[in-house]
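# any chance you could fold what I've pasted below:
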Amino acid sequence: MKTGVIVTDIQGDFTELKHGFLAVKETDQCFIDKVLTATKTFKEKGFALFATQDWHPKNHISFYTTHPGKKAFEVISRNGKEQVLWPPHCVQGSEGAKILLDGKLFDAIVRKGTEVEFESYSGFHDDGGNQTLLHHILQAKQIERVIIYGIATDYCVRATALDALKLGYQVVMIKGLSRGIGLETAEKAIEELRRAGAEILESIDSLF
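From the prediction side, this is the model:
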């Protein structure tokens with residue numbers, strides 16, 4: 001069975017290392033180094049590697065600044081869904097949107113969240129149904145199983161893993177290479193993934 005690796009949103013704005021606008025806890029140099037080491041290991045062993053990258057227009061629907069009178073982390077209802085309002089982050093072309101790992105490691109970098117009107121946690125599609133190239137790329141490379149890790153466990157890692165399962169991929173989520181925005185929500189996301197059929201591992205050691 002051919003396996004691919006999806007490294008989710010290792011971008012400056014999500015890390016403490018870069019004092020990001022939406023920094024997730026415990027995303028310091030130690031964490032980035034740990035992710036880099038694991039990713040290089042997969043590369044050395046011949047795995048196909050893919051990265052997702054938040055790539056938002058400056059007036060993206062998820063930014064609290066797009067909604068006059070609203071504050072960061074407020075939740076509004078929009079089109080029948082809850083929308084968390086985030087600080088502006090990963091704006092197209094900005095320093096904070098850059099991936100912190102060497103781009104040469106990856107077979108492809110898939111951008112998401114590019115449409116103004118739609119939230120996009122999943123690496124496969126946004127809330128409006130607009131597809132990224134990720135599924136097409138995985139299919140073209142005959143990938144049947146995906147290993148997923150990165151930022152954030154309770155949002156983009158969760159959504160990407162759940163969609164991968166729905167699309168028929170076997171999914172392995174690496175807990176120790178992922179960080180969540182909230183401890184409780186991250187644990188809840190991991191349990192949700194386990195119930196949905198994902199294999200949850202603490203590290204990559206047992207994969208080799």
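# quick check: bridge partners of V84?
V75 (DSSP bridges).
# most residues in a single helix of the chain, which one?
As assigned by DSSP state H, the longest helix anywhere in the chain is helix 29-44.
# tell me the helix or strand right after it.
Later in the chain than helix 29-44, the nearest helix or strand by DSSP states H and E is strand 48-54.
# and stretch 48-62, C-alpha only, in CSV?
Provided in CSV are the C-alpha atoms of stretch 48-62 (Å, rounded to 0.1, in the frame of the first residue of the first chain):
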residue,chain,number,x,y,z
ALA,A,48,5.7,11.1,-1.0
LEU,A,49,5.4,14.3,1.0
PHE,A,50,2.8,17.1,0.8
ALA,A,51,2.3,20.3,2.8
THR,A,52,-0.9,22.3,3.3
GLN,A,53,-0.6,26.1,3.5
ASP,A,54,-3.2,28.6,4.7
TRP,A,55,-3.2,31.3,2.0
HIS,A,56,-5.8,33.9,2.9
PRO,A,57,-6.8,37.1,1.1
LYS,A,58,-6.5,40.1,3.5
ASN,A,59,-10.3,40.4,3.9
HIS,A,60,-11.0,36.7,4.5
ILE,A,61,-14.3,35.8,6.1
SER,A,62,-12.6,34.2,9.1
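# just the buried residues of it, please?
The neighbour-count check on stretch 48-62 (16 or more other Cβ atoms under 10 Å) flags 48-56, 60-62 as buried. In this view, the C-beta of every residue, glycine as well, is placed from N, C-alpha and C.
# just the closest of those to G80, please.
Taking Cβ to Cβ as the measure, G80 lies nearest I61 of the buried residues of stretch 48-62, at 14.2 Å.
# number of nearby residues for the residue nearest to the closest one when sequence neighbours are not counted?
Computed as Cβ to Cβ, 6 or more residues apart in numbering, the closest residue to I61 that is not its neighbour in sequence is E117, at 5.5 Å. Burial of E117 is recorded as 14 neighbouring residues (other Cβ atoms under 10 Å).
# try E184
Number of residues near E184 (other Cβ under 10 Å) recorded here: 9.
# go on, the one 5 residues further on?
Burial of A189, expressed as a neighbour count using other Cβ under 10 Å, amounts to 24.
# show me where the protein has strands.
Here the chain has its strands, by DSSP state E, at 3-8, 48-54, 75-78, 81-84, 108-112, 145-150, 170-174, 199-201.
# what's the distance between the residue of the chain positioned farthest from its centre and G4?
Ranked by distance from the centre of the chain (Cα atoms, centre = their mean), the top residue is G69, with 28.8 Å. To G4, G69 is 43 Å away according to Cβ to Cβ, to the nearest Å.
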